[in-house]
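A.B. asks: Let's see this in three dimensions:
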Amino acid sequence: MKLLPSFKLAWRNIQTSKLRSFLTMLGIIIGVASVIALVSIGQSSSQSVNASINSLGTNVLSVSVLNSDSSDFTADDVNGLQKVNGVKRVAPVISGRITAKNGTTSSTISVVGTTASYQKIKNIKVANGRFLADIDNELRLKTVVLGSSAASTLFSGENPVGQTVQLNGTSYKVVGVLQSSGSSMGSSGDDTIFVPLRTAEQLTGSNAISSVYVQVQSADQVSFVERQLNYALLSVFHDTDDYSVSNSQDVMDAMSDVQNTMSLLLGSIASISLLVGGIGIMNIMFVSVSERTKEIGIRKAIGAKRKDILVQFLIEAVVLSALGGLIGVGAGFAAIKIYALFASTSVTLSLSVTALSFGFSLIVGVVFGVFPANKASKLNPIQALRYE
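C.D. replies: Below you'll find the predicted structure:
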């Protein structure tokens, strides 16, 4: 039996019942689109997080204070970390939430108190003005650097450099605005403002350090310096586990594990729709066999073999699943574009996942099309001709 006429006949049968065919394919369409969209978004999110972490470099360690309320970890303790062999620079952080106001515009915003080293360690880019300088910290100057979103919120598109802003009722001079750094996992540094560390102690009413970024002189010294930092911090935190030291690779590995697990979970859930779509194809093919029983009897009576009938109905099932898969690919691509538009982020279509999803839809068509095709091929031609 030639395959081309079988494909043409399958296509003609699909066109004869367009609505029924579409409803049959709907499960395949939803399944393929969901797998492509969810996995592609998950992979792009993982890549974005990894890129953000990589921007710090492989020679950066992060010290996180886990219980800042009971911690007496202060700037003086941080100065001791600077003396650890292999440490290039450190940037302590005091964080909190404050009320920022410019004229009638007011916003509750995150504040970070830190030093000039923060910019070099975190690779921060300044759009206008400058970042915090050492003298700002030494003299406890009331200077502030705004994240790009914070600047837009408070100054509505004006250049804020040189102007003043009220932070918890006290005037601060804006000395710089940062370039947009984008968002990662729902959080963004663009909504943050930066003040000198010593000034932040007065602004937040606390001198407790919440975290410290440590830049190591070279990447091959990271493990050594990490051990030395742990030894130094044991005495500061009185042998408690109120702190943690991590490096960029640790964070990246942990985030990758989480993202991969989520992508696998979401992909697996979406794959259930493909199986449901396969069951739908099987059911509609059984209906088709019943409706075309007399046709099958006529074809067998004029010489069609069992293999010819089997292949014909199997091709129809595969064409249905393939068409559903193609529409699903288009729907998945559209879903990605819509998500990227509303989330203001970049999502790349995963070609491997697209190919895998489409291939799986074909397999579903074959597997679930075998049963009705086999039933059709086994029909007795005499009984089929008598069927009403």
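
A.B. asks: Okay, helices next: where are they in this protein?
C.D. replies: Secondary structure of the chain (DSSP state H): helices at 3-16, 18-54, 75-82, 117-122, 134-138, 148-155, 197-204, 222-236, 248-291, 293-301, 306-343, 351-377, 381-386.

A.B. asks: quick one: which of the ones you listed is nearest residue 171?
C.D. replies: helix 197-204 (12.0 Å; Cβ to Cβ). No exception for glycine: its C-beta is placed from N, CA and C like everyone else's.

A.B. asks: can you list contacts of the closest one?
C.D. replies: 75, 92, 94, 96, 98, 111-115, 136-138, 140-143, 167-168, 170, 195, 207 (Cβ atoms under 8 Å, 6 or more residues apart in numbering).

A.B. asks: quick one: buried residues of it?
C.D. replies: Using 16 or more other Cβ atoms under 10 Å as the test for burial, helix 197-204 gives 197, 198, 199, 200, 201, 202, 203, 204.

A.B. asks: could the helices of the chain go into JSON lines alongside distance to residue 181?
C.D. replies: Shown next, in JSON lines, are the helices of the chain (distance: least, Cβ to Cβ, whole Å):
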{"stretch": "helix 3-16", "distance to residue 181": "50"}
{"stretch": "helix 18-54", "distance to residue 181": "8"}
{"stretch": "helix 75-82", "distance to residue 181": "24"}
{"stretch": "helix 117-122", "distance to residue 181": "9"}
{"stretch": "helix 134-138", "distance to residue 181": "21"}
{"stretch": "helix 148-155", "distance to residue 181": "8"}
{"stretch": "helix 197-204", "distance to residue 181": "20"}
{"stretch": "helix 222-236", "distance to residue 181": "24"}
{"stretch": "helix 248-291", "distance to residue 181": "16"}
{"stretch": "helix 293-301", "distance to residue 181": "65"}
{"stretch": "helix 306-343", "distance to residue 181": "16"}
{"stretch": "helix 351-377", "distance to residue 181": "28"}
{"stretch": "helix 381-386", "distance to residue 181": "70"}
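
A.B. asks: how about those helices in JSON lines, adding mean pLDDT and distance to residue 60?
C.D. replies: Formatted as JSON lines, the helices of the chain follow (pLDDT from 0 to 100; distance: least, Cβ to Cβ, whole Å):
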{"stretch": "helix 3-16", "mean pLDDT": "73", "distance to residue 60": "58"}
{"stretch": "helix 18-54", "mean pLDDT": "80", "distance to residue 60": "9"}
{"stretch": "helix 75-82", "mean pLDDT": "82", "distance to residue 60": "13"}
{"stretch": "helix 117-122", "mean pLDDT": "91", "distance to residue 60": "6"}
{"stretch": "helix 134-138", "mean pLDDT": "93", "distance to residue 60": "20"}
{"stretch": "helix 148-155", "mean pLDDT": "92", "distance to residue 60": "23"}
{"stretch": "helix 197-204", "mean pLDDT": "91", "distance to residue 60": "18"}
{"stretch": "helix 222-236", "mean pLDDT": "85", "distance to residue 60": "8"}
{"stretch": "helix 248-291", "mean pLDDT": "77", "distance to residue 60": "6"}
{"stretch": "helix 293-301", "mean pLDDT": "74", "distance to residue 60": "71"}
{"stretch": "helix 306-343", "mean pLDDT": "86", "distance to residue 60": "28"}
{"stretch": "helix 351-377", "mean pLDDT": "85", "distance to residue 60": "32"}
{"stretch": "helix 381-386", "mean pLDDT": "62", "distance to residue 60": "75"}
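
A.B. asks: what's the closest of these to residue 107?
C.D. replies: Nearest to residue 107, of the helices of the chain and by Cβ to Cβ, is helix 148-155 at 5.3 Å.

A.B. asks: Distance from the closest one to the middle of the chain?
C.D. replies: Its chain's C-alpha centre and that of helix 148-155 lie 26 Å apart, by Cα atoms, centre = their mean, to the nearest Å.

A.B. asks: and it, what other elements does it pack with?
C.D. replies: strand 87-102, strand 105-114, strand 170-178 (3 or more Cβ pairs under 8 Å, 6 or more residues apart in numbering; DSSP states H and E).
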